[in-house]
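Enquirer: Here's a sequence, model it:
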Amino acid sequence: MSQTTEQILALLKDDSFPSMVILDGEWGVGKTHYIKNELIPILEVKEKKVIFFSLTGLSNIDDFRDKLISSVYLSENLDPSLINKLKDSAFSILKHTSEGAGTVASILKGSTGAVKHAMLNRIADVTVILDDLERVDNADLEKIIVGECLQLINEKNLEFIFVMNGKKAKIDKAMVEKSFSDRVYFQITNQEILTIAFQNCVYFDKYQHIIGREVNTLNFSNLRALKRAANRLANIHRIITNDKIIDVDPSMELIIKDVLRISYLHYCLGKSSEEIIKGLNDQSRLDVILNPSNPKKDNQEDEFTKYRTINVPSKKIIEYCSGKAHLPPLINELGRLPIKDDPIDKLMFSRGYTLSKTEFSDSVQKLEEFIFEDIEVPISKWFEGCDFYLYLLDQEFIEGDKIVFLNQISDLCEEKNFDLLSLENRHQSLKIYTQVILDKFNNQKEISTIKKVAEDNDSLFEKIKKSWVETDIEIYNKFQHDDFINKYTSEQWFKVINNWSIRDIGEFADFLFNRYKSINIRDFLGNEKNTLIELLNLLEPEIKIIQPSQKKGTLQLLINAVKAGIEKL
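Expert: Alright, predicted model coming up:
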């Protein structure tokens, strides 16, 4: 039995005061959990019925009386003899009633005020726990309800426990002193909060120390909010553990910190998802490196400063943890997470001091080889590596000049063959926090993308030269609603067509007929019109000098398809 329960029982037993007690605690700290799981089971051992209901939403005293009568007479422990007494007395006005709960319901529905008062006066040997007094309609109603309970107590062996957030209640101090034996403040330790909030979570035992440390750091004592965070963590943990690429333990350490701080900011500090996204997405943590003459920047703080870490949570996870999105994020929406057996990821996702001296030294060497020596590199990870390397220089984990390194990056880009596939990889959300490096990344991405598109177009055209039949389906799938014909000049198309087989020409004609069938096709493929016009001007003189043949007939079908396309566009 907890000290809180001992205090409540002692106060209820003290005959020198009314048997009315306040259990006081802020919203969400676990009062309801305590009442249902500890207080009620102990009270039920006594020879009294225990009734527990919320006062939320009550607008007048009749609402309260109806709810009290219903809770007492419609409870599972209803005494049949009490119903018989009701039927034999003032309630005989109801000529046709059913037994038990039906009788009480009928009485409540049709009875007068006098009848309800009679029912109230027959209530005895009951402990009534009333939750949320501060949530009733107004301050006057709070007083009236307390006064009503005080009147009912007289010689009825009734007990009332009011569960409330005293800071929010409107009832005045004089009324409290007159009506209640005392106020018991609900207290719960952080460890008890953790045990309750995470009791059904399979991941809790493994990550308990991380969760506990973060809860203590945040002073996260709202049990209701913590339970929501625990449930969201459970869903995300299931997603991560089902993935074959993600390194689960370091990923969970990041996700736990994200989910808890987002939940705390939203449910305890009242921040919206938009405010959290903006507040935590600080991409200027190293801007002071580039502006050493601005000392204020280094000391500048705002209300989100102490909640920022080196890891910036993704927009999707913020929206999920703040209740804006109800379905858990997909694996690719969780943000940049470490990959298994990757020493560079291990370094970038560590706090530096968590690695052994050998691990740290080896990982830094791998990172330097990746940045300065490797030629074939994934573009997003390379710039992430540069950003983290700058962080290591700035914090003096390693020797080197920050400004010199920043000036090297452009020259290093010239040496690299950047792999753009990493931009599409589901785990490669950017982990770049320095604006100057982010700008360099965006510039290089544009350069590399243009280069890659040109290379892909050239590679595709080489395949087209050999055979249209072999590339027809690939082109249809890739460019169904995107520009394609104008990627190459009319002269290139004319030369290719002259070298194609008759079947290739026919299939190409069929492709064009089908390509421009849609009514609104101009909205998607209008840029192809000029290339088609130029191609038609090359084909028409050519066909005139060809004798009637299978090839000439097939070319005529192609010309008809080109004309139809021009007309539609």
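Enquirer: now this protein, which segments are flagged as low pLDDT?
Expert: Scanning the chain for pLDDT under 70 picks out the ranges 75-114, 155, 282-301, 310, 422-429.
Enquirer: Just the strands from it, written as ranges.
Expert: Per DSSP state E, the chain carries strands over the ranges 20-24, 49-54, 126-131, 159-164, 182-185, 376-378, 417-419.
Enquirer: Mean neighbour count added to these, as a markdown table?
Expert: In short, each C-beta sits where N, CA and C put it, glycine included. Shown next, in a markdown table, are the strands of the chain (neighbours: other CB atoms under 10 Å):
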| stretch | mean neighbour count |
| --- | --- |
| strand 20-24 | 22 |
| strand 49-54 | 18 |
| strand 126-131 | 21 |
| strand 159-164 | 25 |
| strand 182-185 | 16 |
| strand 376-378 | 15 |
| strand 417-419 | 17 |
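Enquirer: Tell me how many other residues crowd the closest residue to residue 533 other than its chain neighbours.
Expert: Distances taken as CB to CB, 6 or more residues apart in numbering put residue 566 closest to residue 533, at 5.9 Å, once the chain neighbours are dropped. Residue 566 has 16 neighbours, counted by other CB atoms under 10 Å.
Enquirer: Then the one 3 residues further on?
Expert: Neighbourhood size, residue 569 [other CB under 10 Å]: 17.
Enquirer: and the gap between it and residue 486?
Expert: 11 Å (CB to CB, to the nearest Å).
Enquirer: Same check on residue 563?
Expert: For residue 563, the distance to residue 486 equals 17 Å [CB to CB].
Enquirer: Same check on residue 330?
Expert: From residue 330 over to residue 486 the distance is 35 Å, taken as CB to CB.
Enquirer: so where's the longest helix in the protein?
Expert: Across the chain, the longest stretch assigned as helix under DSSP state H is helix 435-466.
Enquirer: how far does it sit from the chain's center?
Expert: 34 Å (CA atoms, centre = their mean, to the nearest Å).
Enquirer: Got the domain ranges for the chain?
Expert: Segmentation of the chain into domains, based on automatic domain parsing, reads 3-188, 192-333, 343-452, 467-568.
Enquirer: picking up where we left off before, so which of the strands of the chain comes closest to residue 558?
Expert: Minimum separation from residue 558 across the strands of the chain (CB to CB) falls at strand 417-419, 38.8 Å.
Enquirer: joint contacts of residue 569 and residue 486?
Expert: By the contact definition CB atoms under 8 Å, 6 or more residues apart in numbering, residue 569 and residue 486 are jointly contacted by residue 528.
Enquirer: Work out which residue lies at the spatial centre of the chain.
Expert: residue 320 (1.6 Å; CA atoms, centre = their mean).
Enquirer: list the contacts for that one?
Expert: Listed by CB under 8 Å, 6+ apart, the contact partners of residue 320 are 232, 326-329.
Enquirer: are any of the residues you listed buried, and which?
Expert: Buried members of those, scored by 16 or more other CB atoms under 10 Å, are 232, 328-329.
Enquirer: which of these lies closest to residue 386?
Expert: The closest of those to residue 386 turns out to be residue 329 (CB to CB; 27.2 Å).
Enquirer: Tell me both backbone torsions, phi and psi, for the closest one.
Expert: Here is the backbone geometry of residue 329 (degrees, to the nearest 10): phi -60, psi 160.
Enquirer: and it, how far is that from residue 318?
Expert: Using CB to CB, we find residue 329 at a distance of 10 Å from residue 318.
Enquirer: swap in residue 49?
Expert: For residue 49, the distance to residue 318 (CB to CB) stands at 47 Å.
Enquirer: Please identify which of the domains of the chain is closest to residue 461.
Expert: domain 467-568 (6.0 Å).
Enquirer: That closest one: end-to-end distance?
Expert: Chord length of domain 467-568, first to last residue, is 27 Å (CA to CA, to the nearest Å).
Enquirer: picking up where we left off before, what would the domains of the chain look like in CSV with distance to residue 458?
Expert: Output for the domains of the chain, formatted as CSV (distance: least, CB to CB, whole Å):
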stretch, distance to residue 458
domain 3-188, 62
domain 192-333, 30
domain 343-452, 11
domain 467-568, 10
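Enquirer: follow-up on the earlier one: dump the strands of the chain to JSON lines, plus distance to residue 275.
Expert: Formatted as JSON lines, those follow (distance: least, CB to CB, whole Å):
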{"stretch": "strand 20-24", "distance to residue 275": "31"}
{"stretch": "strand 49-54", "distance to residue 275": "31"}
{"stretch": "strand 126-131", "distance to residue 275": "31"}
{"stretch": "strand 159-164", "distance to residue 275": "30"}
{"stretch": "strand 182-185", "distance to residue 275": "32"}
{"stretch": "strand 376-378", "distance to residue 275": "33"}
{"stretch": "strand 417-419", "distance to residue 275": "36"}
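Enquirer: how about those, which one is nearest residue 145?
Expert: Comparison of the strands of the chain against residue 145 by CB to CB identifies strand 126-131 as nearest, at 7.7 Å.
Enquirer: residues in contact with that closest one?
Expert: Identification of contacts with strand 126-131 by CB under 8 Å, 6+ apart yields 12, 31-32, 35, 39-40, 43, 46, 48-56, 68, 71-72, 145, 149, 158-164.
Enquirer: how close does the nearest residue to residue 326 once chain neighbours are set aside sit to residue 313?
Expert: Spatial nearest neighbour of residue 326, chain neighbours left out: residue 320 (7.9 Å); criterion: CB to CB, 6+ apart. Counting by CB to CB, the separation of residue 320 from residue 313 is 10 Å.
Enquirer: Residue 557 now?
Expert: Distance, residue 557 to residue 313, by CB to CB: 58 Å.
Enquirer: out of those two, which sits in the busier spot?
Expert: With neighbours defined as other CB under 10 Å, residue 557 and residue 313 compare such that residue 313 has more, 23 against 16.
Enquirer: Not counting its neighbours along the chain, what's nearest that one?
Expert: What sits nearest to residue 313 in space, not counting adjacent residues and going by CB to CB, 6+ apart, is residue 258, at 4.1 Å.
Enquirer: how many neighbours does the one you found have?
Expert: 24.
Enquirer: Quick check, it in contact with residue 315.
Expert: No - contact criterion CB atoms under 8 Å: residue 258 and residue 315 do not qualify, at 11.7 Å.
Enquirer: Tell me who's in contact with residue 147.
Expert: Applying CB under 8 Å, 6+ apart, we find residue 147 in contact with residue 179.
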